[in-house]
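[1] need a structure here:
(chains A, B, C and D)
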Number of protein chains: 2
Amino acid sequence: MNLRAIKPLNETQTRILDAAEELFMQHGFEGASMRMLTSKAGVNLAAVNYHFGSKDALIEAVFRRRLDAMNAQRIAELERLEADAAGHALTPDAIIRAFIGASLRMIEDTRGGGRNFTRLLGRAYTEPAKPIRQLIGQMYAPAMERFKAAFARALPELPKDELVWRMHFMFGTLAYTLAATDTVQLIAGAKPEDRYDARVLQERLTAFLSAGLLAPLAGSIHVKKAA
Amino acid sequence: MNLRAIKPLNETQTRILDAAEELFMQHGFEGASMRMLTSKAGVNLAAVNYHFGSKDALIEAVFRRRLDAMNAQRIAELERLEADAAGHALTPDAIIRAFIGASLRMIEDTRGGGRNFTRLLGRAYTEPAKPIRQLIGQMYAPAMERFKAAFARALPELPKDELVWRMHFMFGTLAYTLAATDTVQLIAGAKPEDRYDARVLQERLTAFLSAGLLAPLAGSIHVKKAA
DNA sequence: GTATCATTCAAACGTTCGTTTGAATCCCAC
DNA sequence: GTGGGATTCAAACGAACGTTTGAATGATAC
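    Residues are numbered from 1 along each chain as shown, chains lettered A, B, ... in the order given. Sure thing, here's the model as predicted:
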């Protein structure tokens, strides 16, 4: 008997998950009540507890529906790159694209709840509730290990602890960009029309992150930069 | 009669703000209840409503106590740099230090609630509740305008919309780093002992962000990078 | 048609939430 | 010491929360 067996979802469950995805994103996990949620989904109030067990279990299900597949996609993309490279080192640029690609592809999914989920996910990294952070952390763990190893091979001269920090920064940039897109606009002047153009966003993010990853080490001998 | 007049705080108000800062950081704004809050502060349940009016007003007071001063510090530091430069352009590096310095100085304040506040602030950028985001946005607005202008002068060749995005990324990195420090550790291997060493963190952040800001434009002629 | 199981439904459960109340207490000018 | 405004206090308010219940309904197999 497989725990975590993936049962096919019926329509009620799907409707609940879709509504939850959107309302959790708009109001937070505590701010979105069971009554808001079930009425948006068009199901009875008791349906969540019947189908998922509890509100907390629903939160977990919302993440589980998409996040595992997303990280599997990341790993698959990375392995494809490594196979193509046939032993040669990958460029940091390519690894970054493999990592952020899954997120950006999802942000373009407006019909399904992909965009809602992406923004919800961006928020979850800084979620105060411990169980949620732990859940996210354990769902990310395998992909993180693989990408850390890939970056370490691509940047052999970068000390390990510096790499960990730079991945941390990279992750933060991605998380914030996903979460804040079209919600916070601290910096006035961003054009709304290309906010969701994943291609443009991918280029901008990759350029920024790749430069950050390759930055000369502070305090060490400075690598010559282009004039 | 000045609205927003800054009245000196009595001890009860200070105790409430300190407790709120810590509990909002640990449990979020909705997760921290008035009863938790007042009992941690050692004051009567009704004290919050008496002194601040409502829970929402308390949240605003928590931010107002420190954030305005923090952004004023940022602007003052920037103006000092500009005065010293006597008309010459500032380096992006120096502008970045002026911006993140205020945050990092505050994170070292463990006696006062500075560290709590810093982490709370990192969370607030992705807070779902609209009034909170608006409040944060308007408190940041003046500093953002000044820094945008400063970066624009320091990077005259960078298109304005690209600059806005790169500031967005920069802001995200800082927010996430502040919020996630010692809470989320998605990437295993970070040494806990230097997590709060603001000096080391400042060097790491500055190196990463400055490289990101100076990144060659994607899709344009590639600037030669160091081998 | 009837038995059996899964699902839906309206209603209610007990708890906790933010806020309000009115009396008690403190503090200080006079 | 006495009056009066500021503050604290215990208690209660109505509303909203997540969850549970038991009956009603639906679907499926015989």
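[2] Was I right to think A:Leu178 contacts A:Tyr125?
    No: assessed by Cβ atoms under 8 Å, A:Leu178 is found out of contact with A:Tyr125, at 9.4 Å. In short, each C-beta sits where N, CA and C put it, glycine included.
[3] could you check whether the helix or strand encompassing A:Ala83 is close to DNA strand D?
    In this assignment (DSSP states H and E), A:Ala83 forms part of helix A:55-85. Yes: Helix A:55-85 reaches DNA strand D (Cβ under 7 Å from any atom of the strand) through A:Lys55, A:Asp56.
[4] contacting residues for A:Asn49?
    Applying Cβ atoms under 8 Å, 6 or more residues apart in numbering or on different chains to A:Asn49 gives no contacts.
[5] Show me which positions of stretch A:67-77 end up buried.
    For stretch A:67-77, the neighbour count (16 or more other Cβ atoms under 10 Å in any protein chain shown) marks A:Leu67, A:Asp68, A:Met70, A:Asn71, A:Gln73, A:Arg74, A:Ile75, A:Glu77 as buried.
[6] now stretch A:79-87
    Buried residues in stretch A:79-87, counted by 16+ other Cβ under 10 Å: A:Leu81, A:Glu82.
[7] got a list of contacts for it?
    Residues outside stretch A:79-87 that contact it (Cβ under 8 Å, 6+ apart) are A:Leu90, A:Ala94, A:Ile95, A:Ala98, A:Ala150.
[8] Remind me what the worst-scoring helix or strand of chain A on mean pLDDT packs against, helices and strands.
    Least confident helix or strand, chain A: helix A:114-124 with a mean of 86, by mean pLDDT, DSSP states H and E. Here helix A:114-124 touches helix A:11-31, helix A:55-85, helix A:92-107, helix A:130-154, helix A:160-180, going by 3 or more Cβ pairs under 8 Å, 6 or more residues apart in numbering or on different chains; DSSP states H and E.
[9] Other residues contacting that helix?
    A:21-22, A:24-25, A:28, A:62-63, A:66-67, A:103, A:106-109, A:132-133, A:136, A:174-181, A:183, A:196, B:126, B:128.
[10] so where's chain A uncertain?
    Counting by pLDDT under 70, chain A has low-confidence residues at A:1-8, A:181-196, A:218-227.
[11] Please list the residues of it that sit near DNA strand C.
    Selection of chain A residues close to DNA strand C by Cβ under 7 Å from any atom of the strand yields A:Asn10, A:Thr12, A:Val43, A:Asn44, A:Leu45, A:Ala46, A:Ala47, A:Tyr50, A:His51.
[12] For the last one, give its distance to chain B.
    Taking Cβ to the nearest Cβ, to the nearest Å as the measure, A:His51 falls 24 Å from chain B.
[13] ok, now which ones touch that residue?
    A:His51 makes contacts with A:Thr12, A:Gln13, A:Ile16, as judged by Cβ under 8 Å, 6+ apart.
[14] Quick one: neighbours of the last one, just the number.
    Right, the one you point to is A:Ile16. A:Ile16 has 24 neighbours, counted by other Cβ atoms under 10 Å in any protein chain shown.
[15] show me the contacts for it.
    Applying Cβ under 8 Å, 6+ apart, the residues near A:Ile16 are A:Leu37, A:Thr38, A:Ala41, A:Val43, A:Ala47, A:Val48, A:His51, A:Phe52, A:Leu58.
[16] A:Ala207 and B:Ala211 touch, don't they?
    No: the criterion here is Cβ under 8 Å, and A:Ala207 misses it with B:Ala211 at 10.6 Å.
[17] element containing the spatially closest residue to A:Gln13 that is not a sequence neighbour?
    For A:Gln13, ignoring the flanking residues on the chain, the nearest one in space by Cβ to Cβ, 6 or more residues apart in numbering or on different chains is A:His51 at 5.2 Å. A:His51 is located in helix A:47-52, with elements delineated by DSSP H and E.
[18] Convert the C-alpha atoms of that helix to CSV, please.
    The C-alpha trace of helix A:47-52 is given here as CSV (Å, rounded to 0.1, in the frame of the first residue of the first chain):
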residue,chain,number,x,y,z
ALA,A,47,-16.5,19.1,0.9
VAL,A,48,-12.9,20.2,1.8
ASN,A,49,-12.9,18.2,4.9
TYR,A,50,-14.5,15.3,3.2
HIS,A,51,-12.1,15.2,0.3
PHE,A,52,-8.9,16.4,1.8
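[19] Check the offset of it from the chain's centre.
    Distance of helix A:47-52 from the chain centroid (Cα atoms, centre = their mean, to the nearest Å) equals 27 Å.
[20] Please apply the same query to stretch A:167-177.
    Relative to the centre of its chain, stretch A:167-177 is centred 10 Å away, using Cα atoms, centre = their mean.
[21] repeat for stretch A:101-111
    10 Å.
[22] Buried residues, it. List them.
    For stretch A:101-111, the neighbour count (16+ other Cβ under 10 Å) marks A:Gly101, A:Ala102, A:Ser103, A:Leu104, A:Met106, A:Ile107 as buried.
[23] quick one: which of those residues is nearest to DNA strand C?
    Nearest to DNA strand C, judged by Cβ to the nearest atom of the strand, of these is A:Met106 at 27.6 Å.
[24] ok, now which ones touch that closest one?
    For A:Met106, the residues meeting the contact criterion (Cβ under 8 Å, 6+ apart) are A:Arg66, A:Met70, A:Gly114, A:Arg115, A:Phe117, A:Thr118.
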